[in-house]
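Participant: I would like to see how this sequence folds:
(chains A, B and C)
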Amino acid sequence: MKNDTESQWRRDIIKYRHFYLFISPFFILFAAFSLYPVLFSLFLSFMKWNGLTQWKWVGLGNFTSMLYDDILWRSLWNTLIIGLLYIPPMMILAFIFAQVLNAEWLKLRAFYRAALFLPCVTPMVVIAIVFSLIFSSEKGVLNYAIMGVGHMLPFLHLKPIPWLESESWSKTSVAILVVWRWTGYNMIIMLAGLQGIPMEYYEAAMVDGAGVWERVKSVTMPLMRPTFAFCGLLSLLGTVYMFDEIFVLTNGGPGVSSMNFGLYLFNLSFTDFKFGYASCVAYTVAVAVFFITLAGLRITRQREEAK
Amino acid sequence: MLKTFKHHTHSINKITVARISLFACMALASLWFSGCMPGTGEPSVPAVVTPSLHPSGSITVWSWNIAAKSLMRLIPGFNKLYPDVKVNVDMTGAQMQTRLMLSLACGVGAPQVSQLQLTDAPHYIDTGRLADLTPVAAQLRNSFPDYLWENCEKNGHVYAIPWDTGPCAVFYKRDIFQKYGIDPKKIDTWEDYIQAGEEILRKSGGKTKMLPLGLDSLENMYLIILQQVRGQIFDEQGRIAINSKASQEALAIIKEMRKAGICSDVQMFSQEFMAGINDNSIATYPSAVWLAGTIRATTKDFGLGKSRWGVFRLPAVTKGGLHVANFGGSVLVIPAQCNNKAAAWAFIKYALCSRKGQADQYRNFDLFPAYLPAQKMPQVTEQDKFFGGERVGVLFARDISKISKLNITPDWAEASTYIEEALSDWAANGMHSRNFFGKLEIRMQRRLGDPISPQSLRYSENNG
Amino acid sequence: MSTSPKMRRMLAMGVFYVVLTAIAFLFLFPFYWLLISAFKTQAQIFTIPPQWVPRPIIFNNFAELYRQTDLFRAFLNSCIISGGNVLLTLFLCSLAGYAFAKYPQARGHGKLFNFILASMMIPGAVTLIPSFLMLVWLHLINTYWAMIIPGSASAFGIFWMRQYVSSNVPDDLVNAARIDGCTEFEIYWRIAVPISKPALAALGIMQLIASWNNLMWAFVVLRTSNMLTLPVVIYLLQGEVRTPFGMLMAGGLMTTLPLILAFLFFQKQFVAGITAGAIKQ
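Facilitator: You can find the predicted model right below:
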């Protein structure tokens, strides 16, 4: 009996050997650079190791260390603040532009789409340096514009803003850069969502005498909720693991005022070479983010079903 | 469309298998080949430096700021002795420390010579990826002060050569002291110093503070005073020894300074700090010798470089106590992967272990020679016009061998951030010193994973 | 005096287009600033009021860049790495995607596919250190392979190719080819690949942009100056004390232009790729 199933196995494998052959190159690399790292990272979470000398088992030591790691908590807090600063304006802007680009009568469509979209393809390192010029407090064009406005409207009492030099503004500067960079991307996703809404829904609403605003509110918004959820999820992950933007623009400074989780993890890994502790932090946060996402998705789904 | 496939009637499977395995072999072969390409993998050169009479080739040196400029100035002199070595000092580039560490870990990409902060040296030595300099450097042992040399060693082997050191003194403005009738010669202890500061503050109507001491400089001041009372952060075995009588004494002096209101709350090297050098908001700068370079450069920008400045020795904690401490300083190292160790060593030897090389660096850039014989050179001992004709070099060199050695461990940089945080917290929240170091040592123990020294007050206080 | 509804409509439209165009220009402004700063001296970059058009136009930045950095080499490195990464990704993902689409009866088919889908949840942050160590152990650090291989086993790529192949390559065609005596690999190579060109283009352009812009991984695994890619060279030009902004902008322009061109040519495919990412949920 056992022999039978075994030979059956063998026959099946030989019959579909092409399947296994075709997926094997992928799976070899996948095993080396995804599967094995996930397991090895878990193993490292219980070690103290700098990657150069012998590793040392510390049990749950790394996990208790995290509790006392102020900079980790600061970086997570900063991540949250940066997210709150940029996600709402970005989503609103992306939604408005998606609506506009979805309108059939729009002229110069290609131009508007390209303008919003080009930032997504440009190298972050270049654009962050351009922004550091624009944000320069003494000679930057942004403060020049603010002062110009202040000159015309003196009652506003506008002062030059120390965009990158002050702990209270550095997060805002990062947020502006991120809005600029990712609005187009979200706009494309939302545009696809909008195009998935059947015209009959709008027509039915028109028959009921709904105006433009009411149509958006009663037809578009509810049907777009999954798309919003998806964009929100992407932005959440994007904020937690964001790296290039902050690495080049502020490098987490001044102090640690704009250090997000991604940059902190990089510093732990490749500046401090705390491979054990960094793995532990990466794992814990990844699991936490995973459950937050799951909870978020469940809530949106429940709301959908309640409707 | 299907016509194109018709002539393939022979064994399908064999061909497919053959093709796939060919692909796999090609992939594997290319992996193998790339592993053998030059400049990859672990260093295959011996990690020990041996001297050579005729070094040649080119070397790259990573360094920064003034130190890099100083090295560049030495190249012509070096090339007279070693015309076949081309030296390239690389001072541009962000994230030098991270890149150096990455290159050490990868076994490729490090420069032939690199600068390190003295306080970072044990961290890098601990990686085991620096070249062992013992065969060529052991005989230089007595030419360098203990407090530097011992932090360049591990298990009796030498891995770094001290470059400059930061003996401390107080830079002061002569005109301010004259105006308010303060005699710097009478300032012997920190108590005298604080009294003088109060007098200046009173007589100037609160306009002139004695010293800059922002929240970020508290740790530096603490470490300076700690050395004067021979305290330690870590004991010889690398255990946390911060909770000590010595620490408490240092903290008490800082508390007095701050309570007296003589400290200007400016960050080190901030715009206000630099402005203070040129106006009369700050009277003195207790700091290391290298600050002289900053002062000279800053006053020159304002056209004021005319002997308004003087230097007096660091106040002691008690009468007859130590007037010396070290703040800063750096070293040069050769990574183990360096493929031209002979040339690298020739350069280090010329720059750091020759009287002329080191003495010139002091004259040009205020980098005080760690090499003891250089401290006797005229470039160091001559009168300094900028500081009112004082023999500043002699003043800084005095008692330099008495400087108390701080035990620097691989965890130093990280420990230092916790001390800095704790001190600025302490200063910002009412300076409650009770059990300050008890709490700090626990925090350091948790974060660093190092044990607490048996000398900690924790044990004696609990028992008594 | 009363404006006709038509007039009011036109006025509203005018305001609408003005606002829209203003926002569009705001988004384009950093590109403009990049472009003109590349033709300014350090002093011109930092004059107030700003020079909206560089006067005089300076070409020295490019000459300086050519003299001080090995930009041509960096460009070549970037091309080899991005090109290699794109080709390897396309090959691996289309081959495996084809297998998943056309051999549904194979043992473990479903489990393996779900496994790949689940792996999309793993963030790169978790695999960062072990991947790095893997490359050290394989002696691949500071080679092109260190940049080409790790990102190429893309779970999303497989998913995307499988979807496309199963809905666009008819089983009849595959079977007919088999009867005609094609090898399985030939069916993939001569039938599935040509049909999947649009999907390959979309995947390729996404991979190209990610690969070309990659900074963190390149910063970590490329160790000597002759191996660096354009973004790292640009990043390292920033000094601790004084940053030569004119040169940076000139280099930035040369790093950005190929991507903008690629984008303008493959706009449609790129949009398709992003949209596919959204549908997968």
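Participant: only C-alpha atoms for contact and neighbour calcs from this point on.
Facilitator: OK.
Participant: just give me the residue right at the centre of the chain.
Facilitator: No chain specified, so I'll use chain A. The residue at the geometric middle of chain A, judged as the C-alpha nearest the mean C-alpha position with CA atoms, centre = their mean, is A:G238 (1.3 Å).
Participant: I was thinking of chain C, sorry if that wasn't clear
Facilitator: Nearest to the mean C-alpha position of chain C, counting by CA atoms, centre = their mean, stands C:I209 at 0.9 Å.
Participant: mind checking which helix or strand that one is in?
Facilitator: Using DSSP states H and E, C:I209 falls within helix C:197-213.
Participant: could you do B:D425 as well?
Facilitator: Secondary structure assignment for B:D425, by DSSP H and E: helix B:412-428.
Participant: swap in B:Y222?
Facilitator: Secondary-structure element containing B:Y222, defined by DSSP H and E: helix B:218-228.
Participant: with just CA atoms, put that helix into CSV.
Facilitator: Output for helix B:218-228, consisting of C-alpha atoms alone and laid out as CSV, is shown next (Å, rounded to 0.1, in the frame of the first residue of the first chain):
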residue,chain,number,x,y,z
LEU,B,218,27.1,68.5,30.0
GLU,B,219,28.5,65.1,29.2
ASN,B,220,31.8,66.5,28.0
MET,B,221,32.2,68.6,31.1
TYR,B,222,31.3,65.6,33.3
LEU,B,223,33.9,63.5,31.6
ILE,B,224,36.6,66.2,32.0
ILE,B,225,36.0,66.6,35.7
LEU,B,226,35.6,62.8,36.2
GLN,B,227,39.1,62.3,34.9
GLN,B,228,40.4,64.9,37.4
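Participant: biggest helix in chain C, by residue count?
Facilitator: Among the elements of chain C assigned as helix by DSSP state H, the one spanning the most residues is helix C:245-279.
Participant: the closest residue to chain C within the stretch 351-464 of chain B and B:N88, how far apart?
Facilitator: When distances are taken as CA to the nearest CA, the stretch 351-464 of chain B approaches chain C most closely through B:F365, which lies 16.7 Å from it. Using CA to CA, to the nearest Å, one obtains 19 Å as the distance from B:F365 to B:N88.
Participant: so, low pLDDT: which residues of the chain?
Facilitator: This is for chain A. For chain A, applying pLDDT under 70 flags the ranges A:1-3, A:307.
Participant: not quite, go with chain C.
Facilitator: Counting by pLDDT under 70, chain C contains low-confidence ranges at C:1-3, C:239-242, C:276-281.
Participant: per-domain residue ranges of it.
Facilitator: Here the domain parsing of chain C from automatic domain parsing is C:5-60, C:61-279.
Participant: figure out which of those is closest to chain A.
Facilitator: Relative to chain A, the nearest member of the domains of chain C by CA to the nearest CA is domain C:61-279, separated by 4.4 Å.
Participant: thought B:L226 was touching B:S247?
Facilitator: Yes. With contact defined as CA atoms under 8 Å, B:L226 counts as touching B:S247 (6.1 Å).
Participant: still on that earlier bit, do the helix holding B:D425 and chain A come into contact?
Facilitator: No. Helix B:412-428 does not reach chain A (CA under 8 Å from any CA of the partner chain); its nearest approach is 9.1 Å.
Participant: show me what the following helix or strand past that helix is packed up against.
Facilitator: Next along the chain after helix B:412-428, taking DSSP H and E as the criterion, comes helix B:436-448. With contacts defined as 3 or more CA pairs under 8 Å, 6 or more residues apart in numbering or on different chains; DSSP states H and E, the packing partners of helix B:436-448 are helix B:412-428.
Participant: ok, residues contacting the helix holding B:Y222?
Facilitator: Under the contact criterion CA atoms under 8 Å, 6 or more residues apart in numbering or on different chains, helix B:218-228 has outside partners B:232, B:246-247, B:249-251, B:254, B:316-317, B:321-327, B:403-406, B:416, B:419-420, B:423-424.
Participant: hmm, back to that, the residue nearest to the centre of chain C against A:C120, yeah?
Facilitator: No. C:I209 is not in contact with A:C120 according to CA under 8 Å; the separation is 9.1 Å.
Participant: what does A:F117 show for phi and psi?
Facilitator: Torsion angles at A:F117 (phi, psi; degrees, to the nearest 10) stand at phi -90, psi -30.
Participant: and B:C168, that's in a helix?
Facilitator: No. Counting by DSSP: H, G, I helix; E, B strand; the rest coil, one finds B:C168 to be strand, located in no helix.
Participant: for it, list each beta-bridge partner.
Facilitator: With beta bridges defined as DSSP bridges, B:C168 has these partners: B:A288.
Participant: let me see the contact set for it.
Facilitator: When contacts are counted by CA under 8 Å, 6+ apart, B:C168 is found next to B:P286, B:S287, B:A288, B:V289, B:R313, B:L314, B:V324, B:A325, B:N326, B:F327, B:F396.
Participant: where do the strands sit along chain C?
Facilitator: Assignment of strands within chain C using DSSP state E yields no ranges at all.
Participant: so what's the residue count around B:Q178?
Facilitator: Other residues near B:Q178 come to 11 when the count uses other CA atoms under 10 Å in any protein chain shown.
Participant: can you verify it is assigned to a helix?
Facilitator: Yes. Note on B:Q178: a helix contains this position according to three-state DSSP.
Participant: so how far is chain C from it?
Facilitator: B:Q178 sits 37 Å away from chain C, taking CA to the nearest CA, to the nearest Å as the criterion.
Participant: would you mind measuring from that residue to A:F228?
Facilitator: Computed with CA to CA, the distance linking B:Q178 and A:F228 is 72 Å.
Participant: quickly find the element holding B:E198.
Facilitator: Secondary structure assignment for B:E198, by DSSP H and E: helix B:190-203.
Participant: helix or strand right after that helix?
Facilitator: Read in the C-terminal direction, the helix or strand following helix B:190-203 is strand B:211-212, with elements assigned using DSSP H and E.
Participant: and the residue of chain A nearest chain B?
Facilitator: With CA to the nearest CA, the shortest gap between chain A and chain B falls at A:T271, namely 4.9 Å.
Participant: the nearest residue to that residue once chain neighbours are set aside: which element?
Facilitator: Excluding the flanking residues, the one nearest A:T271 by CA to CA, 6 or more residues apart in numbering or on different chains is B:T98, at 4.9 Å. Using DSSP H and E, B:T98 sits within helix B:96-106.
Participant: care to break chain B down by domain?
Facilitator: Structural domains annotated on chain B: B:57-166+B:328-392, B:168-326+B:404-463, as defined by automatic domain parsing.
Participant: most packed of the ones you listed?
Facilitator: With neighbours taken as mean count of other CA atoms under 10 Å in any protein chain shown, those reach their highest mean count in domain B:57-166+B:328-392, at a mean of 20.
Participant: dump the helix holding B:D425 to CSV, restricted to CA.
Facilitator: Written as CSV, here are the backbone C-alpha positions of helix B:412-428 (Å, rounded to 0.1, in the frame of the first residue of the first chain):
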residue,chain,number,x,y,z
TRP,B,412,31.6,53.5,24.6
ALA,B,413,29.7,55.5,21.9
GLU,B,414,26.4,53.9,22.9
ALA,B,415,27.1,54.4,26.6
SER,B,416,27.9,58.0,25.9
THR,B,417,24.5,58.7,24.3
TYR,B,418,22.8,57.4,27.5
ILE,B,419,24.9,59.5,29.7
GLU,B,420,24.3,62.6,27.6
GLU,B,421,20.5,61.9,27.6
ALA,B,422,20.4,61.4,31.4
LEU,B,423,22.4,64.5,32.1
SER,B,424,20.4,66.8,29.9
ASP,B,425,17.2,65.3,31.5
TRP,B,426,18.7,66.0,34.9
ALA,B,427,19.6,69.6,34.0
ALA,B,428,16.2,70.3,32.4
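Participant: lovely, talk soon.
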